[in-house]
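S.K.: Any chance you can model this:
(chains A and B)
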Amino acid sequence: EAGVAQSPRYKIIEKRQSVAFWCNPISGHATLYWYQQILGQGPKLLIQFQNNGVVDDSQLPKDRFSAERLKGVDSTLKIQPAKLEDSAVYLCASSFLRFGETQYFGPGTRLLVL
Amino acid sequence: DQQVKQNSPSLSVQEGRISILNCDYTNSMFDYFLWYKKYPAEGPTFLISISSIKDKNEDGRFTVFLNKSAKHLSLHIVPSQPGDSAVYFCAASNSNSGYALNFGKGTSLLVTP
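M.R.: Below you'll find the model as predicted:
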């Protein structure tokens, strides 16, 4: 079974530029999560989708971050414009939305904002 | 506001001995707890979990203990192996809040031969 796919794996941009990350969840998983992991911290939820609807985006900085999940499968997370403090690993995870279901993580996209 | 805390940033254990990783949480609404293992440049990998209705769950060399009254859980690895060297994250979720995971900062485990 294929795991969660993410691209690109690494991205370096200058502040005020825009960047987009892509995630393809495990086949059949209706729930998709984007997490931000800053160096030395644990992952922090940015947004959660159930199919193509948003379940929780309370921690998403909506003035610069946006995310979509068209057709309830792939998802894209965008940052525009990027700030220095956005340097982090962006992790995508997917699962079934049932109690006790494991979230499976992709390898992440490491973003460096200069 | 850190709802899940791992107060030991690092731990070093000799091969063959027991590794004990600790985790505390503050939110009494959490009802599912997980441990993830992470190698550099990879995403977190699920290790073991426990529901709040249990106090122990065992899977091979890994055992998780939950003390709800103390809001504390621990991961025991017996015997520890050099391949267990990684960062271990404790995470908790609330079934009434979409199951999103709240993570601790992680504990870096080093198992020496």
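
S.K.: residues from chain A in reach of chain B?
M.R.: For chain A, the residues in contact with chain B under the definition C-beta under 8 Å from any C-beta of the partner chain are A:4, A:31, A:33, A:35, A:40-45, A:48, A:50, A:55-56, A:91, A:93, A:95, A:97, A:99-108, A:110. From N, CA and C alone the C-beta is placed, and that goes for glycine too.

S.K.: In strands only, show me these.
M.R.: A:31, A:33, A:35, A:44-45, A:48, A:50, A:55-56, A:91, A:93, A:95, A:104-105, A:110 (DSSP state E).

S.K.: circling back: report the buried members of the residues of chain A next to chain B.
M.R.: Burial by neighbour count, 16 or more other C-beta atoms under 10 Å in any protein chain shown: within the residues of chain A next to chain B this picks out A:4, A:31, A:33, A:35, A:42-45, A:48, A:55-56, A:91, A:93, A:95, A:101, A:103-108, A:110.

S.K.: So in terms of bridging, what pairs with A:Val19?
M.R.: According to DSSP bridges, the residues that bridge with A:Val19 are A:Ile79.

S.K.: For it, which residues are in contact?
M.R.: A:Val19 makes contact with A:Lys11, A:Ile13, A:Lys78, A:Ile79, A:Gln80, A:Ala82, A:Leu111, according to C-beta atoms under 8 Å, 6 or more residues apart in numbering or on different chains.

S.K.: mind listing the strands in chain B by residue range?
M.R.: Counting by DSSP E, chain B has these strands, from start to end: B:4-5, B:10-14, B:19-25, B:32-38, B:45-51, B:56-59, B:62-67, B:72-77, B:86-93, B:102-103, B:107-112.

S.K.: Of all the ones you listed, which one comes closest to chain A?
M.R.: When the strands of chain B are compared by C-beta to the nearest C-beta, strand B:102-103 sits nearest chain A, at 3.0 Å.

S.K.: close enough to count as contact, B:Asp24 and B:Gln2?
M.R.: No: between B:Asp24 and B:Gln2 there is no contact under C-beta atoms under 8 Å: 9.9 Å.
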